[in-house]
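Enquirer: Okay, predicted coordinates and the sequence, questions at the end:
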Amino acid sequence: MRFAVTPDDVLARLAALRAKDAPTHGGRVLSYVYDSGEPALDDLAAAAIRQMQPVNGLDPTTFGSVAALERDLVAFTRSLLGGDDDVVGTVTSGGTESCLLAVKTARDLWLAAHGATPGAARPRLVAPVTVHAAFRKAAHYFGLELDLVPVMPSGAADAATFVARLGDDVALAVVSAPSYPHAALDPVPDVAAAASAAGIPLHVDACIGGMALPFWPDLPAWDLRVEGVTSLSVDLHKYGYAPKGVSVLLQRGRDRQRAQFFATTRWPGYPVVNPTLLGSRSGGPLAAAWAITQTLGTAGFAELAGRALRATTALRQAVEGIDGLRVVGDPVGPLLAVATDDAVAADRRVDPHLWADAATGLGWVLQAQPALRQGDGSLLPHTAHLTVTPVTESVLDELVPVLVAAADAVRGRPRPDAGDLVAALPPLVGAPDSTTAAAVLAGIGLDTSSIGDEGPGVGAMAPLLAAIEALPAPLAERLLVELLARLAEPR
């Protein structure tokens, strides 16, 4: 066959593009990627994907391997997370899909119980304000009212405040184990008891923590061992060390899980029966996750969690020793959030976003998170987020001096002031169109015609995050949509 470009040239081009990405291995990116530090697991995952590459997970009656691998993954996660024989589950394309399906299931069951149809009634979804944004998406997609409960300064939900929001119109309550922004473990047993007494299903979002917390010391009950927890999501492409994207949604009760499915015979093609939002599904991530769980077993995951625990403990101690910074709350699991220590004098304070930018300049990527004003008026501070993986333990001698040096470089500097930027914006009526949004982005230093041109990132994050906080949320969201959309447009 005659190719337009030789395969070797195509792969060379791909390698050149990848070389400009942030590094996915070695622990230098403390978000998004989960490096076990074991190259053999990457090789195993690649080999498993290769074997399943042509398989379509749409129809396990044709490709029986899909059902076999899914059975094993559900059995493994169910056992690890305290489920009994009444718990069944589904492998999904990631945490967002798992969360969407949990909400869709709860909505459909609530509508059926109340004799209502979608659009005719709008049940509530009650969750802490720190719940993953996937639940905002789910409420938006499936027509639920999102009732967000303010959290304590630690980042954890207060049980009494949460329980007070429960009522007959609640289709689903959600808590996190732990929350992504601050690594706070919500009060699962207290909320579960109240929700169960009220006949309200409770979902535990353990997408980030589910494969690590079973091996974390001294934790209160949080998983399917807690009576009243009706569903739980856990990502295998996080601390299960599988490639993106593979997650598991566990549901208590077969009838509950069956409400998750979509099925139709009312068209002239093949009968469509989908347990997930997707139809055709790659068998690759499924096979990779299966191969890794089969190889590691519980003992292997415990060893990797131990490495992450030691690294997290060391990083927390290091940050707490940096003048001008503080760790938010009492983080649970292999992640933490870092804020300015407002208890010290202004000339000693370290802004976490400036700190993150300085660390990036030294070759290490921290994730910037904006502040959020809660419904009760209290402010959750802007922070830097650090996701810790087993490989982090092996690079602490490099990372800790970088964190100290980055803090020293920006100590006493105020964060960027976005007030002048906001004041200079042209008058806007409604959501700006694409051209106007691009012009506004250029006005804050983000020229979408050149950002990301075969290179990583959009530059310093502190000014962008300051602008996001200063702008009305709908406008900030519209600008971010424009930014991301234009990065992928043909040039």
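Expert: Sure, I can see it. Computed from a prediction, not measured in an experiment: that's the story for all the values here. Residues are numbered from 1 along each chain as shown.

Enquirer: How are the helices of the stretch 301-450 of the chain distributed by residue range?
Expert: 352-361, 396-410, 419-423, 434-443 (DSSP state H, counting those that start in this stretch).

Enquirer: for the ones you listed, which one sits closest to Leu17?
Expert: Closest approach to Leu17 among those is made by helix 352-361 (19.9 Å; CB to CB). The way it works is simple: take the backbone N, C-alpha and C, and place the C-beta from them, glycine included.

Enquirer: Tell me which residues of the closest one come out buried.
Expert: Under the neighbour-count criterion of 16 or more other CB atoms under 10 Å, helix 352-361 has 352-360 buried.

Enquirer: Would you mind pulling up the elements that that helix packs against?
Expert: Using 3 or more CB pairs under 8 Å, 6 or more residues apart in numbering; DSSP states H and E, the elements in contact with helix 352-361 are strand 335-340, strand 367-369, strand 383-387, helix 396-410, helix 461-470.

Enquirer: mind running it again at 6 Å?
Expert: Counting contacts by 3 or more CB pairs under 6 Å, 6 or more residues apart in numbering; DSSP states H and E, helix 352-361 packs against strand 383-387, helix 396-410, helix 461-470.

Enquirer: Export the ones you listed to TSV and append columns for mean pLDDT.
Expert: Listed next are those as TSV, based on pLDDT from 0 to 100:
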stretch	mean pLDDT
strand 383-387	97
helix 396-410	97
helix 461-470	85
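
Enquirer: Point out the most buried one among the ones you listed.
Expert: Stretch with highest mean neighbour count among those: strand 383-387 (a mean of 26; mean count of other CB atoms under 10 Å).

Enquirer: Tell me which strands it pairs with, and in which orientation.
Expert: strand 335-340 (antiparallel), strand 367-369 (antiparallel) (DSSP bridges).

Enquirer: dump the residue contacts of the spatially closest residue to Arg307 that is not a sequence neighbour.
Expert: Closest residue to Arg307 apart from its sequence neighbours, by CB to CB, 6 or more residues apart in numbering: Pro390 at 3.8 Å. With contact taken as CB atoms under 6 Å, 6 or more residues apart in numbering, Pro390 is in contact with 36-37, 304, 307-308.

Enquirer: could I get these as a markdown table with neighbour count, pLDDT and distance to Val163?
Expert: Shown next, in a markdown table, are the contacts of Pro390 (neighbours: other CB atoms under 10 Å; pLDDT from 0 to 100; distance: CB to CB, whole Å):
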| residue | neighbour count | pLDDT | distance to Val163 |
| --- | --- | --- | --- |
| Ser36 | 22 | 95 | 39 |
| Gly37 | 19 | 95 | 41 |
| Leu304 | 25 | 98 | 36 |
| Arg307 | 20 | 98 | 37 |
| Ala308 | 26 | 98 | 32 |
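
Enquirer: if I look at the nearest residue to Gly412 once chain neighbours are set aside, how far off is Asp323?
Expert: Residue nearest to Gly412 in three dimensions, not counting chain neighbours: Asp347, with 4.3 Å by CB to CB, 6+ apart. For Asp347, the distance to Asp323 equals 10 Å [CB to CB, to the nearest Å].

Enquirer: ok, back up a step: may I see the strands paired with strand 383-387 organised as a markdown table, with mean neighbour count added?
Expert: Below are these laid out as a markdown table (neighbours: other CB atoms under 10 Å):
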| stretch | mean neighbour count |
| --- | --- |
| strand 335-340 | 25 |
| strand 367-369 | 22 |
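
Enquirer: Which helix or which strand is home to Thr90?
Expert: strand 87-92 (DSSP states H and E).

Enquirer: Neighbouring strands of that strand in the sheet, and parallel or not?
Expert: So strand 87-92, judged by DSSP bridges, has these partners: strand 247-252 (antiparallel).

Enquirer: What ranges in the stretch 351-491 of the chain fall below the confidence cut-off?
Expert: Along the stretch 351-491 of the chain, the parts satisfying pLDDT under 70 run over 420-421, 424-429, 450-459.

Enquirer: Show me how this structure divides into domains.
Expert: Under the assignment automatic domain parsing, the domains of the chain span 46-293, 419-487.

Enquirer: related to what we said a few turns ago, which one of the helices and strands packed on helix 352-361 lies closest to Leu166?
Expert: Per CB to CB, nearest to Leu166 of these: strand 383-387, 29.3 Å.

Enquirer: Centre of the chain to the closest one, how far?
Expert: 13 Å (CA atoms, centre = their mean, to the nearest Å).

Enquirer: what angle do that strand and helix 461-470 make?
Expert: 120 degrees (axes from the mean of the first three to the mean of the last three CA atoms, to 10 degrees).

Enquirer: before we move on, back to that, ok, the contacts of Pro390 vs Leu278, which is closest?
Expert: Distance to Leu278 across the contacts of Pro390 (CB to CB) is lowest for Ser36, with 26.6 Å.

Enquirer: what's the spacing between that closest one and Ala46?
Expert: On the measure of CB to CB, Ser36 and Ala46 end up 14 Å apart.

Enquirer: Then Gly119?
Expert: For Gly119, the distance to Ala46 (CB to CB) stands at 45 Å.

Enquirer: So the two - more neighbours on which side?
Expert: Ala46 (13 against 8; other CB atoms under 10 Å).

Enquirer: The more buried one and Asp8, how far apart?
Expert: Applying CB to CB to Ala46 and Asp8 gives a distance of 19 Å.

Enquirer: just Arg413 next, same as before
Expert: For Arg413 relative to Asp8 (CB to CB), the value is 49 Å.

Enquirer: again with Asp21
Expert: Applying CB to CB to Asp21 and Asp8 gives a distance of 21 Å.

Enquirer: what about the two, which has more around it?
Expert: Asp21 (11 against 8).

Enquirer: how about Gly263, secondary structure?
Expert: Actually, residue 263 is Ala rather than Gly. Following DSSP: H, G, I helix; E, B strand; the rest coil, the label given to Ala263 is strand.

Enquirer: any residues touching stretch 209-219, and which ones?
Expert: Contacts of stretch 209-219 (CB under 6 Å, 6+ apart): 80, 177-178, 234, 239-240, 302, 305, 333-334.

Enquirer: In these, find the pair that's most separated.
Expert: Pairwise over those, using CB to CB, the maximum falls at Pro178 and Ala302, 18.6 Å.

Enquirer: All the strands of the stretch 1-150 of the chain, residue numbers only.
Expert: When assigned using DSSP state E, counting those that start in this stretch, the strands of the stretch 1-150 of the chain occupy the ranges 87-92, 124-128, 145-149.

Enquirer: Not counting the first one itself, show me its contacts.
Expert: So that's strand 87-92. Here strand 87-92 has contacts from 70, 73-74, 78, 98, 247-250, 252, 254, 257, 275-276, 286, using CB under 6 Å, 6+ apart.

Enquirer: mind listing what's buried in stretch 319-334?
Expert: Under 16+ other CB under 10 Å, the buried positions of stretch 319-334 are 319, 322, 324-329, 331-334.

Enquirer: could I get the residues you listed as TSV with distance to Ser449 and pLDDT?
Expert: Shown next, in TSV, are the buried residues of stretch 319-334 (distance: CB to CB, whole Å; pLDDT from 0 to 100):
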residue	distance to Ser449	pLDDT
Val319	38	97
Ile322	39	98
Gly324	38	97
Leu325	37	98
Arg326	40	98
Val327	40	98
Val328	37	97
Gly329	41	96
Pro331	40	97
Val332	43	97
Gly333	41	97
Pro334	39	97
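
Enquirer: Much appreciated, bye for now.
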